[in-house]
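[1] build me a model from this:
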Amino acid sequence: MDSYTQSIRGTGSVAEVIAIYDDHCTTYEKMICEEGKYKGPFILVEAVTKEVPECRRKEVRVIDVAAGTGMVGVALAQKGFTNLDALEPSEGMLKCLRSKNVYTNTFHEYVGQGHTNVPQGCYDLVFAVGGMGYNHIPFTGVLEFVRFAKPGGLVMICMRHDEEDYLTKLNEYMNSLEEQQLWKKVFSTPIKDYLIGTDGILFVYQVL
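    All right, here's what the predicted structure looks like:
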């Protein structure tokens, strides 16, 4: 793991993490996304294109949570998706994202402190790549993902697999939402070398 990845995973608060993202927004993609270091965004795009046929891509409404610099949005736009929104807590990252002109609406917010200003029940697809984990989105934040989605909509979470305590709590919480019949699990699948030699996992749920 490189020093940048260590810094965003090892700091003590969400505010400090957001400040690091602000400071590195213009070099973020080069630091961890080039040269195949970070496969998460590309894995998510592949999963989305498998779930959404080409004939529906212009009509489905999508929100990219913890959208970063908008790499996933650019890739999805190239695949025919035209109705993309983004949520991102770092103003610096959001500025980079907006410059790419692929997102319709953007929300400068953090998921995990109650309801955001994202409208309820509007999205066919809600996804987060790399946003879940220590000092990032708390595991309880997935309840907001459920709120964002339309009944029948999909929630996709693509994340690292090495934060075992967090992942255990996340799984327990996601199971509790299933027991409450708020969503149902479609599948989960492991990801080899998700980030710089670190394995990951992809979760897919359908909101009820």
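
[2] for the lengthiest helix in the chain, the distance to its chain's centre please.
    Counting residues, the longest helix in the chain under DSSP state H turns out to be helix 164-179. Centroid separation for helix 164-179 versus its chain: 17 Å, with C-alpha atoms, centre = their mean, to the nearest Å.

[3] can you tell me how far Q181 is from S99?
    Computed as C-beta to C-beta, to the nearest Å, the Q181 to S99 distance reads 41 Å. (C-beta placed from N, C-alpha, C; glycine too.)

[4] nope, K185 is what I meant
    Counting by C-beta to C-beta, the gap from K185 to S99 is 36 Å.

[5] show me which of the two is the more surrounded one.
    A count of neighbours by other C-beta atoms under 10 Å puts K185 above the other of K185 and S99, at 13 against 10.

[6] please name the nearest non-neighbouring residue to that one.
    Y205 (5.6 Å; C-beta to C-beta, 6 or more residues apart in numbering).

[7] what's near enough to touch that neighbour?
    Contacts for Y205 (C-beta atoms under 8 Å, 6 or more residues apart in numbering) come out as 154-155, 174, 178, 183-186.

[8] low-scoring stretches of the protein, by residue?
    1-12, 33-36 (pLDDT under 70).

[9] ranges for the strands of it?
    62-65, 84-87, 105-107, 123-129, 149-160, 183-195, 198-207 (DSSP state E).

[10] list the buried residues for the longest one?
    When neighbours are counted by 16 or more other C-beta atoms under 10 Å, the buried residues of strand 183-195 are found to be 183, 191, 194-195.

[11] and D165, how close does it get to A66?
    D165 is 20 Å from A66, by C-beta to C-beta.

[12] hang on, I meant V14
    Taking C-beta to C-beta, one finds V14 at 12 Å from A66.

[13] so the two - more neighbours on which side?
    A66 (23 against 17).

[14] who's in contact with the more buried one?
    87-89, 111, 128-131, 136-137.

[15] could you rerun that using 7 Å?
    88, 128, 130-131, 137 (C-beta atoms under 7 Å, 6 or more residues apart in numbering).

[16] pairing partners for the residue nearest the centre of the chain in the sheet, please.
    For the chain, the residue nearest the mean C-alpha position is A128 (1.3 Å; C-alpha atoms, centre = their mean). Following DSSP bridges, A128 is listed with bridge partners V65, I157.

[17] please tell me I have it right and it contacts A67.
    No - counting by C-beta atoms under 7 Å, A67 is not a contact partner of A128; they are 8.7 Å apart.

[18] no further queries at this time; thank you.
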